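Novice: could you look at this predicted model? Sequence included:
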Amino acid sequence: MRWKLLTGGGLATTAMLLAASPVLAQDGDVVVEEVDLYVRFGGTAADIAQTVILDNIFIFIAGVLVFFMQAGFALLASGLTRAKNSSNMMMKSLMDAALGVLVFALVGWGLAYPGGDGGAWFGFAGWGIPGLMDGLPDLAGATEDGFYPLSVSSDFFFQAAFAATAATIVAGAVAERTKFVAYLAYTVVITGFIYPVVVSWQWGGGWLAERGFVDFAGSGLVHLTGGIAALVGAALIGPRIGKFGADGKPRAIPGHSIPLAMTGVFILFIGFFGFNPGSALQADMSVPVIAVLTLFAACAGALGALVSSWALLKKPDTSMAGNGLLAGLVAICAGVGSMDVVPAIITGFVAGLIVVPAVLLIERVLKVDDPVGAVSVHAVSGLVGLIAVGIFVDEASIGTQLLGAGAIIVFVGITSGILFGILKAVGILRVSAEQEIEGLDVSEHGAPGYGPDMLTPAAATA
Amino acid sequence: MRWKLLTGGGLATTAMLLAASPVLAQDGDVVVEEVDLYVRFGGTAADIAQTVILDNIFIFIAGVLVFFMQAGFALLASGLTRAKNSSNMMMKSLMDAALGVLVFALVGWGLAYPGGDGGAWFGFAGWGIPGLMDGLPDLAGATEDGFYPLSVSSDFFFQAAFAATAATIVAGAVAERTKFVAYLAYTVVITGFIYPVVVSWQWGGGWLAERGFVDFAGSGLVHLTGGIAALVGAALIGPRIGKFGADGKPRAIPGHSIPLAMTGVFILFIGFFGFNPGSALQADMSVPVIAVLTLFAACAGALGALVSSWALLKKPDTSMAGNGLLAGLVAICAGVGSMDVVPAIITGFVAGLIVVPAVLLIERVLKVDDPVGAVSVHAVSGLVGLIAVGIFVDEASIGTQLLGAGAIIVFVGITSGILFGILKAVGILRVSAEQEIEGLDVSEHGAPGYGPDMLTPAAATA
Amino acid sequence: MRWKLLTGGGLATTAMLLAASPVLAQDGDVVVEEVDLYVRFGGTAADIAQTVILDNIFIFIAGVLVFFMQAGFALLASGLTRAKNSSNMMMKSLMDAALGVLVFALVGWGLAYPGGDGGAWFGFAGWGIPGLMDGLPDLAGATEDGFYPLSVSSDFFFQAAFAATAATIVAGAVAERTKFVAYLAYTVVITGFIYPVVVSWQWGGGWLAERGFVDFAGSGLVHLTGGIAALVGAALIGPRIGKFGADGKPRAIPGHSIPLAMTGVFILFIGFFGFNPGSALQADMSVPVIAVLTLFAACAGALGALVSSWALLKKPDTSMAGNGLLAGLVAICAGVGSMDVVPAIITGFVAGLIVVPAVLLIERVLKVDDPVGAVSVHAVSGLVGLIAVGIFVDEASIGTQLLGAGAIIVFVGITSGILFGILKAVGILRVSAEQEIEGLDVSEHGAPGYGPDMLTPAAATA
Amino acid sequence: MQLITAVIKPHQLDAVKEGLKSIGVAGITISEVKGFGRQGGHTETYRGAEYAVEFIPKVKVEVLAAPEDTTKVTDAITAAAATGKIGDGKIWVTPVSEVIRIRTGESGTDAI
Amino acid sequence: MQLITAVIKPHQLDAVKEGLKSIGVAGITISEVKGFGRQGGHTETYRGAEYAVEFIPKVKVEVLAAPEDTTKVTDAITAAAATGKIGDGKIWVTPVSEVIRIRTGESGTDAI
Amino acid sequence: MQLITAVIKPHQLDAVKEGLKSIGVAGITISEVKGFGRQGGHTETYRGAEYAVEFIPKVKVEVLAAPEDTTKVTDAITAAAATGKIGDGKIWVTPVSEVIRIRTGESGTDAI
Ligand SMILES: Nc1ncnc2c1ncn2[C@@H]1O[C@H](COP(=O)(O)OP(=O)(O)O)[C@@H](O)[C@H]1O
Ligand SMILES: Nc1ncnc2c1ncn2[C@@H]1O[C@H](COP(=O)(O)OP(=O)(O)O)[C@@H](O)[C@H]1O
Ligand SMILES: Nc1ncnc2c1ncn2[C@@H]1O[C@H](COP(=O)(O)OP(=O)(O)O)[C@@H](O)[C@H]1O
């Protein structure tokens, strides 16, 4: 590895400490002999203030990009499902975010960042977000190399966007058959309990962090968590009517709009430039490096899926290539703070390559109906990302990476199994067959997603 | 209230002034005893330059986000109207922005920011924007706590985006029946006269500012203004053909695409993170706090509309929930610079709760046909926001808030009444019944918004 | 001209050098006598570090905005073509970006920025991107006024977005009839050879830069390059079946969705605020000025096309107005670093005015079938922009501008002629007539872009 | 039995449906069609290229009726669909030799 | 020759197609129609305004058949399309005086 | 009177319309249909799942004509719609007992 990052999982200690001595030469040129751009904390009060402010402004912007991902998920899910459920998909994305943010604020935050007693499995710092309105970061424990200059509000803004993402991932997998109240219910549980607990293990300073688990931007904590919940949800709710023939073979249920779905992919692509570089949690010179690695992994992921869809399906499949781009982005999250270029490209490419057979296997072998490929993109690629770190990053251990992945899979698998199991048992998980055939737009929200001037007659029951 | 903001309406004087003394401890840790992040102006020339540059870059980025809202408004209006007017809606949003910006530059700016004689009702600093190309802010009057570091170009860029927003709000309310030239005409008057005059009262340092009116980001100045003009326009132009039955009861005219409309809502959501935090007009630690309050109000607004649409309409309505999110965003604008968390959530929630009955009342009682709910989202929620400040912010007085709201309602009501009245009298306000039935895409712009491969035959006359 | 810019083509030497002396007056006000905001490089090590970091963060954000343009191009091209090719258009935009970025990283970068031997026509700094992971910029040659503080990663991130743009421009012009493999092939050649060579002449410090050619953000280097390749490609591939009648007269082939196309226009509008201000390559006070000039040119361009479409086509055409906005944006790229307000408005307006007759001429006279107007928007407006600089910017010479334009036209014309000629000769340029009639979605990617619930029966063959 | 087919203006559909309901017609089948006729079309302009839109949206209404009801039905449609402007459309009547209700298998007039 | 026209529920189309194929029908023409009948419609609510959706999506199936095959065809459709629930639709049979295969110009039963 | 119904390839519609215009036909009604026949369909693949598209887009053309014009009309359609490739479609002729022009109430040949 050719560079060191001051942020993230314990890699901060190796920053160089050079003397800086700008000298004004005769001809008006400034000769900079040595400037340590990684010494972020020093100088006058004004210097400190400026560093802190830029960090917080940067995280705010990154958070906005991550919130933009909600539009991407909504469009992707809506586009890859039928017109009769298009309004429902938009609605659930909106409410995922709205409800998820408030629940995360009330409960999730306290669970995710338990404060001093970080090692605990279920630490809880209390309700709400202490210090949210203070505006100022707590500079007390600041150190030269591990400086943590975010105000609580910046930090919360960014983390809330992640929590909303974790919840939204599930929606695509259970699309076209889930009761609207069930969406609300699982959003509460995921943003209020499941996701925060997983986060507490690592970003909250818990047991995984202590063991040296590396997951810079959340291949595991966010995507594997969301993807496993999606898998469990989709498995428990069962396939859409007509998805599997009498012979058990999967049948195609084409989404209503690839242009909308791919617009979603492009928006998610943009959103990941908040997700990954923002995970540096400070505006330092690692940001552009992270951005480039993110870019490379995304591109390689799209290429990987192009290759595997061409090979496996005879034609280069559009939405699969979109899934591949996302797979690359998801997979690079874990290592983007500590990987080199070639490993990043390999990680993205492999994730893209795998996402296509993963989609086919989940459908053909597991018989799980995941209309948008959420499980493949988030769970499978998230896992690829965690393992890639174990392989390519010296400081990381493959064992610890697998331990972390296993813990997430088991914990999320069990808790979301209980969650969806209860929803199913109580009878509020799945709509009736009539409602499913009619479409959730009308049966759940009162009116179709497309006006009569756009809908062909058959659309209402397609 | 637990925090003070250095920006906005007169709240700046209370910033703490602490001594800053970073000390390098033996173990390499930096111990920061007290740093005043609100002392933005001090230190060396380099420090000042950096503060100024970051402020200006930040406002540029915020302005870009606000301009992005044009896409949101276009999609929202297009999605909630019929396919036969979809091209017209996109076109008018584009020209609103294009024409509005140029008119605001030529006339509006001088009226909005009349310079020294701020108290005047119709001050006018002259044509165009003096100092636009200077690049440098005017540092002459800078004070430690009221530092105003924006260059004219930054300031104009941001304010022009607001002016375009005020004009665009109207378009949705008068959609599907307004002549294209009427759009151009009212855009000129709103961005060149009505909006700038209102702005001059407060942000231009006029009489409302002197009375201590609080409207941080424009619940009143932007949204109430746009919403009242929308109400007057929609009332004067009359309902769409077929909107009200012979019995006077409103009939549904479903929009052609909820997915497009909700994409617009998501984009507007993102845009408000330029609108509100950018209204700090400097890159300080208030930005993330404002962002979080904006986020909370938006989420609470969506929840509020979910609740009220579920209660009043039996089903959770998708576009109403979208309206609710926007209502929360609009309502929080006024107080986002000085409210605490719980009041912000209450403000957003109440705005969302109210937006649904407001839509129903405007349609059923006022018999005004507002296809996208612009009046409810902007005028009603804007009013909610102004009143909320009166209730929740100590420094603000409910009387002054109501005075400001009343002044805006009366002034905009009268001027836009004259505006739309003249357009109507001259016969360029509304298309003919034949054109309305055919659709504005073909009759005004020559071709339908959707190709023959997308349009069902009936769409052309739906 | 009223302002000088420290960035871009050789205009840097005129920056003022004032003494800065902030004085704390008795009443707590800070009196700033003179601060030189253009002295970006000086002060302590902390000051330098902060300047460098802000520059790099800013360029990262600008790069994200430019990457967002991929979504805009995809939507514009998809919306202005038929439903049966909508998936293909999204797919090729995605792969343009994915493949283009990787090829530019591997080959293009080394060709575009050949290092010391800048004067060479085909310098080549070698494979890949040396120093990409260093994180730190090379401060060795930094001067007070020509400071270049970007790290290789920031620089590459931004430039890669430009390379992807240059390739994507072509796609719209050859839409609805090009083999998918041909897209991949020309993306490789454009991002790996044609575009980098052109860039090396100017931004790579080559012969055009030495002659004082001015092209701040790429009216010529990016847009003229892309537009000429688009023209050559569209000419060589021939028109779509049915585009020209037996009488040789062009026939309308309406795009399937103006709402999608115009959403693309709005996104491109936003993206240009990364494209142009980001081309300052540092976060200085020129950014908001560039933003305002960009805004004005865009608005004037939309107005120009409104006027000319109204005059020439009897009605104000929606997609033409969108083309006009883009034409204004493309034309202002060249001079946005050195123009004054009125010239910028004139440049944009003229570009918009011309884009409509250009579309008609290319179709009616040249008999070239360009479904989205890519040649008019990028080549014609790019040329307008280069010439406008010659007219309005003192330091620039019209002769040099024309020389540069001519060189680009000749070089790109010949190389892309060879490229598309070979693709045609080898038989991988154009799909068969059957495939074209069936639509590329099914024939190239296996499934239609719209589900059966959205497609009217005729859409499949429209 | 008879099949009465009418091609009408889309905006008259509501009136026709109400007219048919009011004379006791219990079932109707409609579809979206496009008509070419004396009414002529219009010209649209897409990006500068004019094109004639010769086919105009119409709605086709089909009603199965007992022979004795035929005139009642055609009268009701004519009354409701006529606007007096060119393009109001046509009605035609075709003999039907058999009608079956799928649900029950009933046939003949019972099936209508 | 006869033209057998059936209006069925969209979800039964696959079954009907298979049923017809299995009795040797080689060609079918279908179209999307909307039906109004005993089945009734439902109410939708758009932004607070209720509206009745009285026309329900149906698929119209048309089969040209030799007179002797008519019953076979109607039986096959009835069997495949019946769900027993209201709204299953109708079948009707119209006489056809001439059938031509465009490609070859063949006419009569050969053209079917 | 007769009703001539033709199911043709969508791409031949323009030619058919011109052919009919040239023999003096003043009115046509068309609709979008899908056909199943000897032409067969094709296979599409969506996210890895193959599915057969058995119904192919066609356009149905309906022309009311006086009995004496029937052959002229069918000939014109055949001439214009034939490409010689499988799937060119069918024409069939049904007797019509009554035609009414809604606008005027005219009936019989006058109404065509
Ligand atoms: N000969 C015909 N065969 C089939 N349909 C016809 C015929 N003539 C007219 N139509 C249908 O009737 C519609 C109205 O006919 P048109 O000639 O425009 O006006 P009008 O019915 O008032 O005479 C046409 O759009 C077409 O759908
Ligand atoms: N008299 C009729 N003429 C034409 N179509 C009819 C008629 N009656 C019913 N239909 C068609 O048959 C469909 C089913 O009829 P409906 O009365 O709802 O149920 P059922 O066929 O079970 O009695 C209707 O939706 C309509 O398309
Ligand atoms: N028996 C039939 N009944 C109704 N429509 C038919 C029948 N046979 C064919 N068609 C229609 O004619 C179209 C063309 O028929 P097909 O058998 O594919 O080719 P061809 O007409 O060349 O023999 C079909 O797609 C279908 O719409």
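Specialist: Right, received. Where do you want to start? Ligands and ions are numbered 1, 2, ... in the order given.
Novice: tell me the pLDDT of the closest residue to chain B within chain A.
Specialist: Taking CB to the nearest CB, chain B has its nearest neighbour within chain A at residue A:45, 2.7 Å off. For glycine as for every other residue, the C-beta is placed from the backbone atoms N, C-alpha and C. With respect to pLDDT, residue A:45 scores 75.
Novice: who in chain D is up against chain E?
Specialist: Along chain D, the residues adjacent to chain E under the rule CB under 8 Å from any CB of the partner chain are D:1, D:3, D:17, D:26-32, D:64, D:94-103, D:105, D:111-112.
Novice: same thing but 7 Å
Specialist: Counting by CB under 7 Å from any CB of the partner chain, the residues of chain D close to chain E are D:3, D:17, D:26-31, D:64, D:94-103, D:105, D:111.
Novice: buried subset of those residues?
Specialist: Neighbour-count burial within the residues of chain D next to chain E applies to D:3, D:17, D:27-31, D:64, D:94, D:96, D:98-103, D:111; the criterion is 16 or more other CB atoms under 10 Å in any protein chain shown.
Novice: interface residues of chain D facing chain F?
Specialist: So chain D meets chain F at D:7-8, D:31-38, D:55, D:58, D:74, D:78, D:81-82, D:84, D:86, D:88-95 (CB under 7 Å from any CB).
Novice: change it to 6 Å
Specialist: Proximity of chain D to chain F (CB under 6 Å from any CB of the partner chain) is limited to residues D:7, D:33-37, D:74, D:78, D:81-82, D:88-89, D:91-94.
Novice: of those, closest to residue C:218?
Specialist: residue D:34 (47.1 Å; CB to CB).
Novice: neighbours of that closest one, how many?
Specialist: 22 (other CB atoms under 10 Å in any protein chain shown).
Novice: quick one: it is in a strand?
Specialist: Yes. Judged by DSSP: H, G, I helix; E, B strand; the rest coil, residue D:34 forms part of a strand.
Novice: among the residues of chain D next to chain E, which are located in strands?
Specialist: D:3, D:28, D:29, D:30, D:31, D:64, D:94, D:95, D:98, D:99, D:100, D:101 (DSSP state E).
Novice: was I right to think the third one contacts residue D:64?
Specialist: No. Using CB atoms under 6 Å, residue D:29 makes no contact with residue D:64, being 8.5 Å away.
Novice: nearest to residue C:73 among the residues of chain D next to chain F?
Specialist: residue D:34 (34.1 Å).
Novice: the closest one and residue D:7: what is the separation?
Specialist: 10 Å (CB to CB, to the nearest Å).
Novice: check residue A:155 too.
Specialist: From residue A:155 to residue D:7 the distance is 66 Å (CB to CB).
Novice: burial check on residue 93, number of neighbours?
Specialist: In the absence of a named chain, chain A is used. Residue A:93: 29 neighbours (other CB under 10 Å).
Novice: my bad, chain D
Specialist: Residue D:93, neighbours per other CB under 10 Å, totals 25.
Novice: and for residue A:174, nearest residue in space, chain neighbours not counted?
Specialist: residue A:233 (4.6 Å; CB to CB, 6 or more residues apart in numbering or on different chains).
Novice: CA atoms only: put the strand or helix carrying that neighbour into PDB for me.
Specialist: Element membership for residue A:233, per DSSP states H and E: helix A:225-237. Extracted in PDB, the C-alpha atoms of helix A:225-237 (Å, rounded to 0.1, in the frame of the first residue of the first chain):
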ATOM      1  CA  THR A 225     -27.000  -5.900   7.000                       C
ATOM      2  CA  GLY A 226     -29.600  -4.600   4.500                       C
ATOM      3  CA  GLY A 227     -29.000  -7.400   2.100                       C
ATOM      4  CA  ILE A 228     -29.500 -10.200   4.700                       C
ATOM      5  CA  ALA A 229     -32.600  -8.600   6.000                       C
ATOM      6  CA  ALA A 230     -33.800  -8.400   2.400                       C
ATOM      7  CA  LEU A 231     -33.000 -12.100   1.900                       C
ATOM      8  CA  VAL A 232     -34.900 -13.100   5.000                       C
ATOM      9  CA  GLY A 233     -37.800 -10.800   4.200                       C
ATOM     10  CA  ALA A 234     -38.100 -12.000   0.600                       C
ATOM     11  CA  ALA A 235     -37.800 -15.700   1.600                       C
ATOM     12  CA  LEU A 236     -40.400 -15.400   4.400                       C
ATOM     13  CA  ILE A 237     -42.900 -13.400   2.400                       C
END
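Novice: next helix or strand past it?
Specialist: Downstream of helix A:225-237 (by DSSP H and E), the next one is helix A:258-278.
Novice: that next one packs against which elements?
Specialist: Helices and strands touching helix A:258-278, by 3 or more CB pairs under 6 Å, 6 or more residues apart in numbering or on different chains; DSSP states H and E, are helix A:45-79, helix A:286-313, helix A:318-335, helix C:45-79, helix C:86-103.
Novice: now do the one residue in the stretch 251-400 of chain A that gets nearest to ligand 3 against residue A:261, distance only.
Specialist: Per CB to the nearest ligand atom, residue A:254 is where the stretch 251-400 of chain A lies closest to ligand 3, at 21.4 Å. To residue A:261, residue A:254 is 11 Å away according to CB to CB.
Novice: same deal with residue A:400?
Specialist: From residue A:400 to residue A:261 the distance is 36 Å (CB to CB).
Novice: residues near the residue lying closest to residue A:369 once chain neighbours are set aside, how many?
Specialist: Nearest non-adjacent residue to residue A:369, counting by CB to CB, 6+ apart: residue A:239, 3.4 Å away. For residue A:239, the count of nearby residues is 20 (other CB under 10 Å).
Novice: for chain C, see how far away the closest residue in space to residue A:227 that isn't next to it in sequence is.
Specialist: Spatial nearest neighbour of residue A:227, chain neighbours left out: residue A:379 (2.7 Å); criterion: CB to CB, 6+ apart. To chain C, residue A:379 is 23 Å away according to CB to the nearest CB, to the nearest Å.
Novice: what's the neighbour count on residue A:379?
Specialist: Residue A:379: 31 neighbours (other CB under 10 Å).
Novice: correct me, but it touches residue A:225?
Specialist: No. Contact criterion CB under 6 Å: residue A:379 and residue A:225 do not qualify, at 8.8 Å.
Novice: contacts only, for the residue nearest to residue A:174.
Specialist: Residues near residue A:233 by CB atoms under 6 Å, 6 or more residues apart in numbering or on different chains: A:170, A:173, A:174, A:420.
Novice: please repeat the previous calculation with a cut-off of 7 Å.
Specialist: A:170, A:173, A:174, A:186, A:416, A:420 (CB atoms under 7 Å, 6 or more residues apart in numbering or on different chains).
Novice: from residue C:259, how far off is the residue in chain D sticking out farthest from the centre?
Specialist: Relative to the centre of chain D, the most outlying C-alpha is that of residue D:48, 36.2 Å out, by CA atoms, centre = their mean. Residue D:48 is 20 Å from residue C:259, where distance means CB to CB.
Novice: quick one, what contacts residue 77?
Specialist: Let's take chain A. A:89, A:93, A:171, A:172, A:175, A:372.
Novice: that was the other one, I meant chain D.
Specialist: D:6, D:16, D:19, D:61, D:91.
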